[in-house]
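J.: sequence and predicted structure are below.
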Amino acid sequence: MSNANEVRFVDTTLRDGNQSLWALAMSTSMMLPVASRFDEAGFAAVELTAPAHFKTTVRELREDPWERIRLISREVTSAPLAVMQHCSIIGFRIVPTCLAQLWMQRLAANGIRRVHLMEASNDFGLRVPDYVRFATEAGMEVALALTYSISPKHTDEYYAQKTRDAVALKVPAIFLKDPGGLLTPERTRTLVPAILRNAGKTPVEFHSHCTTGLAPLCYLEAVRQGIRTLHTAIPPLANASSQPSVLTVADNLRHLGYVPRINEAAVLAVSDHLHYVAKREGRPIGAPVEYDEYQYVHQIPGGVISNLKRQLSQLRLIDKLPQVIAECIQVRKDFGYPIMVTPFSQFIATQAAINVVLGERYKQVADDLIYYALGFWGKEAAAAIDCNVMDRIMSLQRSKELKDWEPPEPSLEEVREQYGGGGLSDDDLLLRYMIGSDDDIKAMRAAGPIRRDKYVGAATPLRVLIEELLKRRDFSYVSIRAKGLDITMEI
């Protein structure tokens with residue numbers, strides 16, 4: 001029988017922690033030595049990948065992302081492996097329905113059993129029903145995100161209605177997703193009860209980021225208000241811009257009288273291994289961050305600010321960064337307060353930069369925002385745009401050129417013919433569509449199979465010591481002596 005005070009955890013280390021802190025550069029070889037420990041930890045689910053991971057895995061790591069799923073799924077069998085995604089599988093593009101359906105089928109066939117589905121506008125009539133249906137038909141469960149934001153329209157009643165909309169789709173679970181780390185304990189205290197009251201019997205989970213330093217406190221408040229499943233990460237891939245540490249949250253919950261359902265010995269084994277990898281590869285180690293009030297004003301994700309810095313530096317306009325950030329606030333207001341999450345945060349930042357560089361608002365408008373105004377991201381989103389801004393956009397020649405564009409809906413046979421013909425497997429078809437370059441896929445294949453033994457050192461420190469000594473060229477003789485051990489090497 002379930003304990004009313006029992007709290008479960010969805011692990012985000014391999015997906016969100018990897019993405020937030022290591023820029024997706026965690027290889028499968030880094031995961032494999034402790035994959036079975038994730039299975040022992042008692043997680044409600046283990047978030048492994050996302051469509052955005054596929055391109056980086058192929059291009060940067062030279063690994064097959066499908067093989068990653070297969071290898072990890074053989075080790076993690078108790079908790080469902082999860083994918084996190086928008087209603088797309090490639091960037092910000094609208095995907096043909098046939099590929100969206102095939103994508104869900106192949107995820108399930110390779111070992112994914114759960115889909116964390118997010119629609120950036122919280123418009124659950126826009127493509128969401130199709131993705132829910134495709135995932136369900138493929139045998140996966142769907143947890144549908146209610147994406148949090150701060151604006152005059154994102155009230156508790158707004159989220160109450162969105163909860164009712166989500167529940168109407170009959171998904172197994174919903175979760176409050178705070179990608180910007182914008183929740184405060186005070187807002188959590190009113191928002192979570194509003195969602196729970198309208199969720200009925202549908203379980204509600206909680207997901208936030210430590211961007212402003214308040215997420216660990218919000219997690220405790222969410223549990224006090226009735227949440228019983230939290231999304232957390234394992235150090236060193238917790239904290240900073242990732243999720244709170246499962247170890248810290250579990251410890252705090254115990255002191256509050258709750259019962260965390262977690263095997264800490266298994267979690268600590270994973271943590272030790274990842275710290276070893278971080279030290280060996282020079283990777284960041286997540287740490288708590290200081291409170292940042294301005295984050296609540298501009299709400300720009302850290303990754304978007306990093307891209308702005310890089311792009312403005314290339315243009316020798318880095319001095320205009322504060323002006324661009326301030327302009328983001330105005331552009332977001334003009335467009336009816338879209339949630340500052342992918343892809344809208346990128347859309348807003350790009351337009352703000354254009355406005356600042358040209359010295360005039362909306363003299364030129366990015367195609368993505370023209371599509372937004374035309375309703376391709378939902379009629380509700382388009383209707384919220386300031387009427388004067390809408391008139392300005394619609395008067396542009398580019399808007400007139402795009403006005404009658406419709407997303408293409410080729411058949412699966414037509415897509416297959418375009419990308420290689422009937423001899424192409426479904427997995428390779430999706431890879432070619434997502435990666436866009438045969439050269440990258442060929443280079444991935446040429447790199448050979450994923451190595452299982454590359455990062456076993458956390459469990460075998462003696463082996464690591466020997467391997468590191470063998471790399472040295474400043475001595476020719478090594479002797480290691482300890483109780484019951486005598487090793488001599490000539491180098």
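T.: Received it, and whenever you're ready, just let me know what you need.
J.: residues near Phe134, how many?
T.: By other CB atoms under 10 Å, the residues close to Phe134 number 21. For every residue, glycine as well, the C-beta is placed using N, CA and C.
J.: same check, this time on the one 3 residues further on
T.: Residues lying near Glu137 (other CB under 10 Å) number 12.
J.: name the helix or strand for the spatially closest residue to it that is not a sequence neighbour, please.
T.: Spatial nearest neighbour of Glu137, excluding adjacent residues (CB to CB, 6 or more residues apart in numbering): Met104 at 7.5 Å. Per DSSP states H and E: Met104 is located in helix 97-110.
J.: avg pLDDT for stretch 238-253?
T.: For stretch 238-253, mean pLDDT is 97.
J.: and the end-to-end length of it?
T.: Distance between the two ends of stretch 238-253: 17 Å, counting by CA to CA, to the nearest Å.
J.: which residues does the host helix or strand of Ile441 contact?
T.: Here Ile441, judged by DSSP H and E, is contained in helix 438-446. If you take CB atoms under 8 Å, 6 or more residues apart in numbering as the criterion, helix 438-446 is touched by Val58, Arg59, Arg62, Glu63, Asp64, Asp428, Leu431, Arg432, Ile435.
J.: check which helix or strand covers the residue lying closest to the fourth one once chain neighbours are set aside.
T.: To tie it back to what came earlier, the one meant is Glu63. Leaving aside its sequence neighbours, Glu63 sits nearest to Thr57 (CB to CB, 6+ apart; 5.1 Å). According to DSSP H and E, Thr57 maps onto helix 51-59.
J.: just give the number of residues close to the residue nearest to Glu63.
T.: Residues lying near Thr57 (other CB under 10 Å) number 25.
J.: OK, contacts around it?
T.: Thr57 makes contacts with Leu24, Glu63, Asp64, Pro65, Arg68, as judged by CB under 8 Å, 6+ apart.
J.: repeat for Val331
T.: Shown in contact with Val331 (CB under 8 Å, 6+ apart): Ile348, Gln351, Ala352, Asn355.
J.: that older thread, now do the helix holding Met104 against helix 51-59, angle only.
T.: 70 degrees (axes from the mean of the first three to the mean of the last three CA atoms, to 10 degrees).
J.: so for helix 97-110, what gets flagged as buried?
T.: By 16 or more other CB atoms under 10 Å, the buried positions in helix 97-110 come out as 97-108, 110.
J.: wait, what's in contact with the closest residue in space to Val289 that isn't next to it in sequence?
T.: Using CB to CB, 6+ apart and skipping the chain neighbours, the partner closest in space to Val289 is Gly213 (4.9 Å). The contact partners of Gly213, by CB under 8 Å, 6+ apart, come to Pro288, Val289, Glu290, Tyr291, Asp292.
J.: relative to Leu256, how far out is Gly213?
T.: 20 Å (CB to CB, to the nearest Å).
J.: now do Thr77
T.: According to CB to CB, Thr77 and Leu256 sit 32 Å apart.
J.: and Val95, what helix or strand is that in?
T.: Per DSSP H and E, there is no helix or strand for Val95.
J.: poorly predicted segments of the protein, please.
T.: Residues of the chain meeting the criterion pLDDT under 70: 1-2, 457-472, 483-484, 491.
J.: would you map out the domains in it?
T.: 6-281, 295-402, 412-440, 461-490 (automatic domain parsing).
J.: the longest one: end-to-end distance?
T.: Think domain 6-281. Start-to-end, domain 6-281 (CA to CA) is 37 Å.
J.: just the third one next, same as before
T.: Domain 412-440 stretches 23 Å from its first residue to its last (CA to CA).
J.: now do the second one
T.: Chord length of domain 295-402, first to last residue, is 34 Å (CA to CA).
J.: distance to Phe475 for the contacts of Gly213 - can I get that in a markdown table?
T.: Formatted as a markdown table, these follow (distance: CB to CB, whole Å):
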| residue | distance to Phe475 |
| --- | --- |
| Pro288 | 41 |
| Val289 | 43 |
| Glu290 | 45 |
| Tyr291 | 50 |
| Asp292 | 49 |
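J.: and these, which are buried?
T.: The neighbour-count criterion (16+ other CB under 10 Å) marks Val289 among the contacts of Gly213 as buried.
J.: same list (the contacts of Gly213) but as TSV, adding secondary structure and distance to Gly200.
T.: Formatted as TSV, the entries for the contacts of Gly213 read as follows, by DSSP: H, G, I helix; E, B strand; the rest coil; distance: CB to CB, whole Å:
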residue	secondary structure	distance to Gly200
Pro288	coil	36
Val289	coil	36
Glu290	coil	39
Tyr291	coil	35
Asp292	coil	36
